[in-house]
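[1] sequence plus predicted model, see below.
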Amino acid sequence: FLFQEFKARRRLQETDPKLLALIFIQTRTRGLLARIRYAALKRMNRKRNNIVKEIVSTEANYVEKLETMIELFKKPLEHVLLSENPFIDRSRFDSIFGHVDDLFAVNKSLYADLKERTKDWNRSSLLGDLFLTHTFPIKFAYLSYIMNYETAFKNLQECK
């Protein structure tokens, strides 16, 4: 039955020039709309990929800065604390650097997961679950850091 209906419609299309013109216009319009949607999808995907690259790059840069702070400042000052005449006392040192290792650990873990996830990145890949997984450790580490910030800043100024 469907095949017979299809054949009857085909015969009608072949004999009616107005119907042929309408079909032609409809076909061209659908093709144009499909190309427009495809171009918009490509633009959105490009934007999304750039955003993901920026997130990963920013996290890598931040982890690198934290590591530099630990290696160039915290560790050498820990050795100074063990010397006979340290110019900084333990409580001031702990105030200034107390939460750096926690911040480094949570951000390094987040960066490792981001790097792993984006290694095989495609348009159906997601990042939201990684941020949800890391929410509690990040929240805990930064809450401690923020609560100690004023004291750490004051102690740092006094060390100058």
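    Received, thanks. Given the structure is predicted, the values throughout are model-derived calculations rather than measurements.
[2] tell me how far the helix of greatest length in the chain is from the chain's mean position?
    Ranked by residue count and defined by DSSP state H, the top helix of the chain is helix 17-69. When C-alpha coordinates are averaged (Cα atoms, centre = their mean, to the nearest Å), helix 17-69 and its chain have centres 17 Å apart.
[3] pLDDT of that helix, averaged?
    Averaged over helix 17-69, pLDDT sits at 92.
[4] again with stretch 140-157
    Here the average pLDDT along stretch 140-157 is 91.
[5] send the alpha carbons of it over as PDB?
    Output of stretch 140-157 as PDB, limited to C-alpha atoms (Å, rounded to 0.1, in the frame of the first residue of the first chain):
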ATOM      1  CA  PHE A 140      37.900  22.300  52.600                       C
ATOM      2  CA  ALA A 141      41.400  23.400  51.500                       C
ATOM      3  CA  TYR A 142      40.400  26.800  50.400                       C
ATOM      4  CA  LEU A 143      38.200  27.400  53.400                       C
ATOM      5  CA  SER A 144      41.200  26.900  55.600                       C
ATOM      6  CA  TYR A 145      43.300  29.100  53.400                       C
ATOM      7  CA  ILE A 146      40.700  31.900  53.300                       C
ATOM      8  CA  MET A 147      40.200  31.800  57.100                       C
ATOM      9  CA  ASN A 148      43.900  32.200  57.600                       C
ATOM     10  CA  TYR A 149      44.600  34.700  54.800                       C
ATOM     11  CA  GLU A 150      44.600  37.900  56.900                       C
ATOM     12  CA  THR A 151      46.900  36.500  59.500                       C
ATOM     13  CA  ALA A 152      49.200  35.000  56.900                       C
ATOM     14  CA  PHE A 153      49.300  38.400  55.000                       C
ATOM     15  CA  LYS A 154      50.000  40.300  58.300                       C
ATOM     16  CA  ASN A 155      52.800  37.900  59.200                       C
ATOM     17  CA  LEU A 156      54.300  38.100  55.700                       C
ATOM     18  CA  GLN A 157      54.300  41.900  55.900                       C
END
